Structures are given as C-alpha cells and as structure tokens.
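In: Structure of the sequence below:
(2 chains)
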Amino acid sequence: MAEKEQTVSEVAAVGSESSQANGVGEATIASEIASEAKKTEQLEQPEKREPKRIEPQEQLVSKSVRSITFSVFSPKLIKQMASAKVVTPELYDKEGYPVDGGLMDIRLGVIDPGLKCKTCGSKLKECSGHFGYIELARPIIHIKFIDLILNLLKCSCRDCGRVLIPKNKIDKAKKDLENIERDLGIEERRRSVKDIITNLKTINKCPWCTVKQQKITLEKPTTVLENEKRVSPIEIRARLEKIPDEDLELFGVSPKNMRPEWGVLTILPIPPVTMRPSITLESGERSEDDLTHKLGDIVRINQRLFENINAGAPEIIIEDLWDLLQYHITTYFDNDVAQLPPARHRSGQPLKTLTERIKSKEGRIRHNLAGKRTNFSARTVISPDPMLSINEVGVPMEIAMKLTVPERVNTWNLAYLKQFVKNGPKKYPGSNYVIRPDGKKKKLTDETIEASLEELQPGYIVERQLLDGDIAIFNRQPSLHRMSMMCHRIRILPYRTLRLNPVVCHPYNADFDGDEMNLHIPQTEEARTEAEILMEVQTQLISPRYGLSVIGCIQDAISGLFTLTRDLEVDRTFAIDLLGATGMTEFNKLPRKEKITGREIASVLLPEDFNFTGKSKASLSKSTTQKERPIGTAVEIRNGKLISGVLDSSNLGEGSGLLLRTLHKKYGKEFTIDLLGKLFRLGIEVLLRVGFSVIISDTDLPENAQKSIKETLEKAELDVQELISLFHNNKLETFPGRTLRETLELRILEVLNKARNRTGEIVAEFASPNSPTMVMAESGARGNLLNLAQMAACVGQQAMRGKRIDKGYKGRTLSAFKKDDLSPSARGFIANGFKGGLNPAEFFFGGMTGRDSLMDTALRTPKSGYLYRRLANAMQDLKVEYDHTVRDAAKRIIQFTYGEDGKDVSKSENGILNVRRIIETMAEGKQ
Amino acid sequence: MAQETKLLPPKLAGEVLELVKGFSESKAKKVKEIVLQEYSHAQVEPGECVGIISAESIGEPGTQMTLNTFHFAGVAEMNVTMGLPRIIEILDGRSDISTPMMEIFLKNPYSKGKDIKEIALSIKETKLNEISDSFHIDIADKSIAIALNQEKMSELKVTQTMAINALKNGAKGYTLSQVKNGLLLKKKEKEENINVLYVDKEKFKQLHVSGVKGISQVLPVKRGEEYVIITSGTNLKDVFEMDFVDETRTMSNDVFEIAEVLGIEAARQAIINEVFKVIESQGLNVDIRHIMLVADTMCNLGLVKGITRYGVVSEKASVLARASFETPIRHIINAALIGEEDKLDSVVENVMINQPTPIGTGLPSLVVKVKE
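Out: Numbers count the residues shown, from 1 in each chain, chains lettered A, B, ... in the order given. Have a look, this model is predicted:
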C-alpha cells in the first residue's frame, strides 16, 4: 500500500479574466469528498474573504465565474492538496487544545477564536480551512460508485481488462456515442451507454483473449460476488486498473476526470474543520459535528485495522474490521443506504452525513445556494391604513431606526449627512454606522459620535436611518407571483405594525388577521433604481397573468361607492366633505347646485375627457329580476361624467372589468393609482358618514315569502318521494350509460337543486334591496345572494364528491334514519336556513361537508405547490431573445414568436388588442 | 395600404379588415396605422423572463383550484377528471390518464341523428363476459364451457359467429366446438397444471368481441344542432377508420394518443386545449399564451415530455440547474464521471455563485469607459 490513491471529486471554478485586484478569484477551488460537498467549500470562499475586500475600488466585480467543471479527485491530488495526515481519533488534549494529527488539527483550519491556522497563518474567519487525509489500511468501495464499478466488472474481461466488444466494433460504437451526444445531448448519450451496458452483460466470453467470464452479482450494498464467491476490494481495484483508458468512454466515463479504480478508496480526504465546527454548550462542554463523529469512527477503526494487520491477527478478525470500516465509510458518505442500518447518535437520532447535508429542501443546494438570507430586512404584523398612498408602506419608528441606507459623503451633502451622524443611533433621524474609505465599519455610539463627526469627509459612507420616501421592497409569503414582492415608498409612522393601503391586499393575498410581512431595503444605487423602475406598485398594476388590473377597490370601498352612485343625494357641504376626505382640495368641478347626486360626486374624480361604457354586476347577472332594477343599467361615462349605472365590483374590483384597464391605458399608471386611492377613500368615507352595519333582521322575510319557500320545499320533497317510488317499482327511465340507481341520484339532485335555487330567487325578490347585507351582495363587496338565501331560507343539499351523503352506517347515514331511506333529509339535504336553525342531523351533515372541504384545502396546498415548483424549475431560463424568439438556456428555440403573436400579456387588455375600442376613441377624437 | 395588415398577426388583421368595412379609405388607413402602432407597443421586450411569468401564472391559480373531481349533476354527461388533478396529470406527461375520453363528431347524415343509437353501439367495445352468463371449468375434461346469453347478444348486436371468431383468435391451444346455448373450449395438450385453465378463463372473459377496443362506454349527446358521441376510453386510430366518423373534428383527451396518431403539433394543441378547459371551468382567468409556452416546452423535442425530473428538467444543459431541482447527488456524480462542464448560462447557477443572472436586466452587458 505504498502509493495510495483514491476517489474524490473536484470542482474547478475557472476565473475567466486575467489577474487583477488582489486574489479574489482563485483559479481552482478544489474541494471536498465525493462529488458533492464541494459546494459548501465554494460558498465559504468568498465569505471568508470579505474583510479583505474593503477598499472601494475592490468592490468592483473584476472577475466572474464563467464555468464550473465537475470531476473526481484522484488519490494523488487528494494527497497533494492535503495539509495534514490524520493518524489518531483523539480530538483534544487535556488542556482542550487540538491534538496534532487528530481530526481537529489546527493545520486543517481553526474554529477557536485566538488560535492561528498552522497552514496559512490566518485567524478564525480568515482561514477557510484545509483538507487533510488518512490512509486506509485496506481499500474500501465508495458507495456512490458501486453501480459504475459493478457495470465495469460485468462488461470488461476479468483477465485482460478489455471491454467485451470485439475489436472491429469498438470504433463504431464510440462514433455512435459521439454522434448521439452531438445531436441529442448528454442525457441521450447516458441512455445509450445504459443500453450498451445491458447488452454486454450477457456476453460470457472475452472477444479479445477468449477467457470465459464469470457471473458477477452484487450483494447490496457493497459486496461484489463472482460465482457466489466474494471478490475483495483489493481484487476489484486490480481489475479496474486493468481497464484501458480508451475503453472507458463506452461506459460513459471520461478517463481524464475519473479512473474507475478511484471508485475504490485507498485514501480518504478529511474535510477542513471549518465545515464541521464544534459547538460549545452552556456547560462548557464541546459538542462535535456529526461529520467529526463519523470521521472519528473511521479513523479509530482504520487504526485498529492497521494494528491488527501489523500484528498478524487471524484473517477473520481482519475481515470483520474491514467490513466495519466499509460500513463506517459508506455511512459517512450516505447515511440513508437502503440495506444498511443508519449510523446514530447516542440519543438514537440518525447522523447527518455528507449526502444528507446536500440533498432535499433543507440541504445545502436548496437551502443555502438557491436561497439565501439577507440583511437590511424587517418583519412584523401588518395592518391597514387607507390614508396611505397605494405605493407607500407605513414603517414603525423602531424599525426605521434599525434599518439603514448607505449614503456616500461628497462635498455637497457633507453638511446634510453630518446631521445624521450627529444625531447618532438613538435620535431620529440619525445613523448607525460610518464606513471609512478603507472599508472599516464603525458603529456609532455616544462615545464615538464626536470622533466620527470630526473625521467625516468625502469618500466616507454614512449608513443613515430610513427617511420618508426611501425605497423598500415589501413581500408576503408565499411569494406565488411577481406581485408578491413590490416596491413601496417608506412612510415613518407611529405604533408598531407595518401599514399598507388595503387596496394592495389582493396582489399580496394579505389580510389583517395576524398576517406578517417582510420589508427589504435595497442597499445599492442599481438595486434601488431597478426596484423603482420595475417593481413599484404602479408598474405592477396590470397582471401578466390576464392583462387586467390586479388591484382594485375592496370590501367597504365597493359598498360605499355602490351606495353613493346608486341613489344618494346630498347637500353641497356634505359632498365637499366627502371629496375632502379623498385628499382633494379643488372642488370647482362640483356642479353649482344645492343638492348633489352621488354620481356627480364620483364624476368629480374622473378626468374630463374620459369616455367609457361597461357593464355593472347586476347587468351581468343571469336573473331577470336583477336586470330590471335601475342598478342593472350599463355604466356609461361620457366626458368624465358618470351618466348612468353604478360603480361596483365588476368595474372597480381586482381582476375584473375594463374600467381600470382603460384608465391605465389612457392616463398612465401614476394617474390610475392616484384615482384608485381617491375612489377608495371616497367609498369608505361614504359608509362612515351614512352608516353601514349588518343586522340579523336583514335576513327577515315577509310572511308570504316564507310561505312560498315552505311550499317550494314541500313540493320538492314530494317530487323526490315520487321519484323514489318510481325507482322502487322499476319504472324510472334510465339515462344512457347510467345505472338505475345513478339515474335516481341525478334526478333527485336535480329536483333539490332546483328547489334550493327557487328559494334563493324568492329571497332575492323579497329581501329589502336597501339592507346592508343586500348592498354587499349586489355590489360584490362581500358575499353573494346564495349566502343570503342560505341564512334566510334554505342551506341546500350537502354534497360529498358530487354525490349526496351516503357514508356512515350500513344503508343509512345516521342511526336516526331507517335503513335504505333515500329521502332528502336522510341524505344530507338541509331544508332549514342558518337563521332558523338546523336540526341535529342537518347540523351533522353540514359538519361532514365542512370537514371534507377542510381536507381538500390541506391536501391541495402541497400538491399545487409541487406543481408550481416543477413548472418554475422547468421554465426558469426561458426568455425572449433579441430576435424575438423564446429560447432556453442552451439557446434551443421553444417558440419562434412569444405566444404566437409576440404580445406581452401585461400590455394587452385581457389578452387581446381591442380594435373596436381603438375605432371608438378615434371617432371621439374627431368630434 | 395592405402593408400594415401584413405586419399584424392574421387574426388581428382579419378583425381590423372586418371592422373597417364601409370606412373611407383614409379613415381605414388611419385605423390600421393605430392598430399597428398599438400592436408594436404591446410586444414583449427582449430579455423578458417569459418562462417564469408563465410558471407563476399557472402555479398561482393552482392554489385556488379544487381538488375534487366533480360531476355535472343532472345532465347526462361523462364523468371527467377536472381541477388540479387533471392539470397535474397533463403536465406530468402521464400516458395512462385516469379518465380517457373521446368526442366523436359524425359526418353529415349521421350528425343529424341518423341511426345514432346503432352507431354508438357499434363503437362500444363488447367483451366476451358481457354476452355470457357463465364460464364453467371442467377440471376432469380440461375444458371451459361458456354459456352465451342470447338476449344480451341481440341487445348489443353481437352474433354467435363474432364470438366464435374472437375465440378462434384469442384462444390458441384450445379446440372450439359449439354446444347447446354456448361454446365449449377444450385444451389440446395434456396440461398437468389446472391453474392454467383458471388463468385462461379470466383471459377469455376480457376477449374483445366487437366494437372498438378500449371504448367502455358510449353516450350520444346533442350539441346544438348536431349529435356527438362521447365515449369513455379512447382509440383514435380505430375510430378514424370508421366511415361515419368526421375525423377532422373528433378529439381525444389523451395527449399521448394524439401525439402518436396525429403528430406532435396536434399534441401541443391538445395540451393547450385541455389545460385551458380546466382553468376555465374553475372560473379562473389565465392568458392562453402562458399555457402555450408550457405546451411548447413539453413538446419541444418532438415527444411529449412531462414537467418532471425525468422529462423536461432532465434535458437541461446545466448540471447545477438539474441538481437544484431533484436528486442532486445523482446529477453531480454523473457529471463528475464524464467531466461535465456547467457553462453557467441559466438562472439558478448564477444565483448560487452570487452573479447576475442572464435574464431581464442582467442580460445586457455593456462596457462603459468613464473619463478619469
């Protein structure tokens, strides 16, 4: 075992540009064990160097990583890059100082403050650590390469090592592979390699030296058998060494990057201490990292194996130790191998070894590399404030005094910034840190203010506290679309919550039942500019999903505007009060009359040359009784005057109606946002002054209505009885493709639904249209007529999976019913309304469907989340190129023109370009 | 004059030409100019990350969709998987969908309702056990006796010869003879193991006797003026052979079958239609361009590939992009074996190493010389 070699993989991050700055980019970042953990290393590298890059000119990115190549560490390289050989499983001596040649050797890096790394002389946080190695007493198979090793053994000659393809066919096979890679990509090549391997497995005579091949099988996880006899890793390694480089290509292995014998370890790299730091507990005890534990086991067993071999111990003892070492090294790489019991802590919890560090959601890749943590952010509970502008966010003073914006001192702003420094961290508006041109960051405290003030001069950076008008990115999770992160202007407010205008609740999907949101302060000029231009609320007004406004009036604002524009008529002073509440100061546009109608008030806000025709919610409704009412007339705006119709959710609500879209098109985003804010404030002011509250008598119905509801339900009950008796007498006509029973169920459902809808119509007919509940339903602010009918008249059929309820006891739903009772009440029809009260059975049925829908939501969220993740991952690199084709990262064309017409949805009107409107606007222009 | 309309997409151009009819020439020209201007203003900007936008546009409403499959209560319609499960099924690129279905349009005399019941019945697949009362095994004789139900046979328009033909093809190794009210199958070879008989019995039960293979239910429905046959189970290829079928409009909801029978372009359109149908039925508003992009990503390679780690994602050029999705270890090891190079030209890799991503504002690379 003189020259020990071994497997590991290596990442070379190739810095592209020539050498400048000071050593920021390293040509090769060699890293750690088995193809994986390298990532850790790589991330740490720049971090560790941070303190060095402090001079201003060094902040310029002078180098960028152009590509990363993956390959496997050769044993030689492992030895070369190692700075220490580990020989003892001991960690610390009696004084608690790391033992030389132990796993915490300070040549491998330092994790204690005060110590200096023996290899590079740097202190904690400066030294990113160095690899060590151990020599294994006997070769050990690397679990991650076992499949490859097995395939190679099966497909190469056991004697001469050549691949089991005749001489004349080898070149052709190679060429085929090359062509496949060129034409169809690397994945397709992998697939054909797999095919080659399956074909070769059956050959039992070497075409090169005519030696008969033996049957090779794998006893999972790592034992290779030949004719049921065990092949030792030493033998395996010898055979793999014999396979010539030129044959390896056929197995999908590139000999430059990986020799198969490197898959049998003779030397094991020890990762730097810095990637497995120990934690000092409160009791002063040290708790080592899982990896250190595992490495300790490996080193201990390895030493024992050495001793036993040297002492000439019996073969059986050596074999046992060898197997144990194999187990430890296997679990060191992957502690989740199917046939092995996972290595555990003393507490019984499985160790988190290399593979577990990398994979899955909490692993390195998804948790630390694809997703990162940030500074300069805040999070707290949100609450509404309609008096804020839509693109503002209210920030509590406590947060404003913690978060900072860096501002560079120059001769013009020196005096201005001095004031911030003078105020210090405790007096608003102050500053928390001053950064010198050499990069030294100085915290401002009562003691240091004076000195900092003195030395402040152009070139310094002052991290000043937030001011009104600063830019911030506001976010609520889950961030499902780009409108979940928008840029707002800061407004410092008293109290302790983040405040936002309720109009922007919809894009964030926020409410105020305890929701929390995050705030981020961009720190560079580029970031701020980009946020301002691309992410500010007004730029996100039109959704790229459907080309309509994602924000609109909600709840009270809609009820208010509906009440206002429907039939309100007020005194002039009152009208001015209302408009004043929106923030207006000019009332010239208000008609000079004593009595002013609500429509005239709303018209004041509209621009004078605005024309619009649209439909109101009632006019879209199917029921004729709705259409006949005055609120059912079309919304007509001529020259900025609301002539007829009401403003309701179908024109002001989010994601519906073209009113906001048209405004946006004609007057631009700033104007639309401003108008929306004003309309919102007008709406809630109306309710505030008129009064609006829901009472239970809203659901009261006159006696004759109650009577006809009762009759309807009784009639339905009779109809169902009739159907059931038809069914029992086999006289029911079946629907094609259905059984008799299914037909009955469908017919019953039909009858009952009709009855329920009829009760709904009765309620709609008789309920007072002026009751607040009806106003909310008709304006679309909250709830609908169905909800009202459920309260006032009849809840209706409770359905599970599209069928009436039939679960529970044999042949019946509840023990209160007779067996095989098919009547409505026994199968989940709730004939009472919520106000009238449900009987126990009905209540139970309601509970059943309630639970069912709860389950539905609980199951749906992860499913749709996964679908979303897959979609996002598959399509994240698709972009529109300068030639207007849509291509992926490999520049493959996905679409020749985006969406077949190249139109950006967020620049369209609900996905279309409205020619009719263009002609109409032209006609207006002419007049 | 025609210049403007040539630059517009055909549908929009058609609409413009339709609407300017009766306008004076100068006015029509003006309209066209404005439309063209607005059209060019509404173009996507280069660098726009349309992929992410599409993913968001489909992923976000996904949270609002119902999970339950629902039935169209009261109306006689087939029961189809809808909602989120259906979308997942389509985008997964699953070849065995849970409710395969066809909508068969008919040629003229039949579409008006001529012989509609007979036609429908001729499409439906009849299996042997549907026309038989019992399958009886005689262990001593090593034979299977099949009792045919004449009533059902006439109901399903099946003759005895059809059953015999089916068995002749399906029951190799048996001698067939007709007996009273049924058929008798006798095993030719002396088989010791009688289990074979039981296995064969179950096999014979599923033997195809008449109709189109795979069609388990048929339902003639009147759609507006014409009759359409809705089936559960699909078999486009065989249905297209029938001369009363209008093969230009007949559709299946099985994307894989469409790809096989009609080609990849048709499959792409089928994906778009099916996804759009589900989203629409849920009352959600998603622009069709987003669905188109998803369909195009899935069909880009000429095969229908699902949005899974085995499908579209495995085709990515970047190792790190694949590794950041699922099974990172496998991808990294495989990459190391052949010394794969990651060119860092997509999004995640650059996020990983804290570099600007080559998308949107990260796309332009300008070098500006600043005066000292």
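In: How about the contacts made by the closest residue to A:Glu594 other than its chain neighbours?
Out: Leaving aside its chain neighbours, A:Glu594 sits nearest to A:Arg572 (5.9 Å; criterion: Cβ to Cβ, 6 or more residues apart in numbering or on different chains). In short, each C-beta sits where N, CA and C put it, glycine included. Contacts for A:Arg572 (Cβ atoms under 8 Å, 6 or more residues apart in numbering or on different chains) come out as A:Leu590, A:Lys593, A:Glu594, A:Lys595, A:Ile596.
In: Just the buried subset of those residues, please.
Out: Buried residues within the contacts of A:Arg572, defined by neighbour count using 16 or more other Cβ atoms under 10 Å in any protein chain shown: A:Leu590, A:Ile596.
In: Now B:Thr234: phi and psi?
Out: phi -120, psi 150 (degrees, to the nearest 10).
In: That one - how many residues pack around it?
Out: B:Thr234: 24 surrounding residues under other Cβ atoms under 10 Å in any protein chain shown.
In: Tell me the confidence at it?
Out: Listed pLDDT for B:Thr234 reads 88.
In: How about A:Ser623?
Out: A:Ser623 carries a pLDDT score of 54 in this model.
In: export the contacts of A:Arg572 to TSV and tack on secondary structure and pLDDT?
Out: Shown next, in TSV, are the contacts of A:Arg572 (DSSP: H, G, I helix; E, B strand; the rest coil; pLDDT from 0 to 100):
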residue	secondary structure	pLDDT
A:Leu590	coil	83
A:Lys593	coil	84
A:Glu594	coil	83
A:Lys595	strand	86
A:Ile596	strand	87
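In: and of the contacts of A:Arg572, the nearest to chain B?
Out: Nearest to chain B among the contacts of A:Arg572: A:Leu590, at 35.2 Å, using Cβ to the nearest Cβ.
In: what about the spatially closest residue to the closest one that is not a sequence neighbour, which helix or strand?
Out: Distances taken as Cβ to Cβ, 6+ apart put A:Val604 closest to A:Leu590, at 5.7 Å, once the chain neighbours are dropped. Using DSSP states H and E, A:Val604 falls within helix A:598-605.
In: Pull the CA coordinates from that helix and hand them back as PDB.
Out: The C-alpha coordinates for helix A:598-605 follow below in PDB (Å, rounded to 0.1, in the frame of the first residue of the first chain):
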ATOM      1  CA  GLY A 598     -73.800  60.600  -5.800                       C
ATOM      2  CA  ARG A 599     -72.900  60.100  -9.400                       C
ATOM      3  CA  GLU A 600     -71.900  63.800  -9.700                       C
ATOM      4  CA  ILE A 601     -69.700  63.400  -6.700                       C
ATOM      5  CA  ALA A 602     -67.900  60.400  -8.200                       C
ATOM      6  CA  SER A 603     -67.600  62.200 -11.500                       C
ATOM      7  CA  VAL A 604     -65.500  64.900  -9.900                       C
ATOM      8  CA  LEU A 605     -62.700  62.400  -9.600                       C
END
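In: care to break the chain down by domain?
Out: Went with chain A since none was named. A:1-153+A:258-371, A:154-257, A:377-537, A:556-690, A:698-854, A:879-926 (automatic domain parsing).
In: Hmm, no, I was thinking of chain B.
Out: Taken from automatic domain parsing, chain B resolves into B:2-41, B:51-99+B:253-315, B:126-210, B:317-362.
In: can you put these in a markdown table and add mean neighbour count and mean pLDDT?
Out: Formatted as a markdown table, the domains of chain B follow (neighbours: other Cβ atoms under 10 Å in any protein chain shown; pLDDT from 0 to 100):
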| stretch | mean neighbour count | mean pLDDT |
| --- | --- | --- |
| domain B:2-41 | 15 | 81 |
| domain B:51-99+B:253-315 | 20 | 85 |
| domain B:126-210 | 15 | 77 |
| domain B:317-362 | 21 | 87 |
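In: In TSV, list those along with distance to chain A.
Out: Shown next, in TSV, are the domains of chain B (distance: least, Cβ to the nearest Cβ, whole Å):
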stretch	distance to chain A
domain B:2-41	4
domain B:51-99+B:253-315	3
domain B:126-210	13
domain B:317-362	3
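In: I appreciate the help and will end here.
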